[in-house]
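Q: below is the sequence, then the predicted model.
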Amino acid sequence: MAVCLVIDIPGGQLEQYNAVMRKLEESGGELGEGQTFHCAGATQDGFTVVDVWNSREDFDRFMQGRLGQAIQEVGPPQPQVREIPLHNEIRA
């Protein structure tokens, strides 16, 4: 089942986000296998990422692999992840 993940990183800096994205691009692309959407933006206390994945398992594999490695190297604060099962998805 497709899921939307809302990932809050309180205390995170957009420079850290940009560094993680560069590392992902260098290691094979910014999106993970099974990821269909990604966006991010600054918040009052850090930044938030919103992703859509074909399944939570796809995200977990990405986190255990390239994404987890990039996060470990850059060192942003611990993320807080909310999972929303998708009922409907409309694209332009």
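A: All right, it came through fine.

Q: now do the strands in the chain.
A: 3-10, 35-43, 46-53, 80-85 (DSSP state E).

Q: Glu25 is nearest to which of those strands?
A: Set against Glu25 and scored by C-beta to C-beta, these come closest in strand 35-43, at 12.3 Å. (Each C-beta comes from the backbone N, C-alpha and C, glycine too.)

Q: now the angle from the closest one to strand 46-53?
A: Counting by axes from the mean of the first three to the mean of the last three C-alpha atoms, to 10 degrees, strand 35-43 lies at 170 degrees to strand 46-53.

Q: what mean pLDDT does strand 35-43 have?
A: Mean pLDDT, computed over strand 35-43, is 97.

Q: run through the neighbouring helices and strands of that strand.
A: On a contact count with 3 or more C-beta pairs under 8 Å, 6 or more residues apart in numbering; DSSP states H and E, strand 35-43 meets strand 46-53, helix 56-64.

Q: pull up the pairing partners for it, direction included.
A: Here strand 35-43 is paired, per DSSP bridges, with strand 46-53 (antiparallel).

Q: any idea of the angle the strand it pairs with forms with helix 56-64?
A: Strand 46-53 runs at 130 degrees relative to helix 56-64, counting by the same axes, to 10 degrees.

Q: could you pull up the mean pLDDT of strand 46-53?
A: Mean pLDDT, strand 46-53: 98.

Q: check stretch 62-79 too.
A: The pLDDT scores in stretch 62-79 average 95.

Q: coming back round to it: closest one to Glu26 among the helices and strands packed on strand 35-43?
A: Glu26 lies closest to helix 56-64 among the helices and strands packed on strand 35-43, at 15.3 Å (C-beta to C-beta).
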